[in-house]
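K.L.:
A structural model of the following input is requested.
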Amino acid sequence: MRLKSTSFFVTGLLLFGLSVSSFATVEYAKKEKQKCTACHVKMGKKDLNDVGKCYQEKKSMSSCAAK
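P.N.:
Numbering: from 1, shown residues only. Sure thing, here's the model as predicted:
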């Protein structure tokens, strides 16, 4: 019984962590007033383009504007 409850707890934490990380990217897009593809190679993918890599480092779109 204890193993079953531990499994549910770990699964819950994992799902919560995944939902928070995906929500954060939407928050960045809203904060910067940009579409997701301003930083990502493709919508819904984790792969970053050059602007996204710059933003990840500097946390400022103004210093990472596409040239």
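
K.L.:
what's the neighbour count on Cys39?
P.N.:
By other CB atoms under 10 Å, 23 other residues sit near Cys39. The C-beta positions use only the backbone N, C-alpha and C, and glycine is treated the same way.

K.L.:
that one contacts Glu57, doesn't it?
P.N.:
No: with contact defined as CB atoms under 8 Å, Cys39 does not count as touching Glu57 (11.7 Å).

K.L.:
anything in contact with each of these two?
P.N.:
Common neighbours of Cys39 and Glu57 are not found (criterion: CB atoms under 8 Å, 6 or more residues apart in numbering).

K.L.:
now Lys53: how far from Cys64?
P.N.:
Lys53 is 8 Å from Cys64, where distance means CB to CB, to the nearest Å.

K.L.:
more neighbours, these two?
P.N.:
Cys64 (20 against 12).

K.L.:
in the protein, what spans have low per-residue confidence?
P.N.:
For the chain, the stretches flagged by pLDDT under 70 are 1-5, 8-24, 66-67.

K.L.:
just the helices in it please.
P.N.:
For the chain, helices defined by DSSP state H occupy the ranges 2-32, 50-58.

K.L.:
can I get the CA coordinates of the last one in CSV?
P.N.:
What follows is the C-alpha trace of helix 50-58 in CSV, where atoms were taken according to Å, rounded to 0.1, in the frame of the first residue of the first chain:
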residue,chain,number,x,y,z
ASP,A,50,19.5,32.4,-31.8
VAL,A,51,17.1,34.9,-30.3
GLY,A,52,15.8,32.3,-27.8
LYS,A,53,19.3,31.3,-26.8
CYS,A,54,20.2,34.9,-26.2
TYR,A,55,17.0,35.5,-24.2
GLN,A,56,17.7,32.4,-22.1
GLU,A,57,21.0,33.9,-21.2
LYS,A,58,20.1,37.6,-20.8
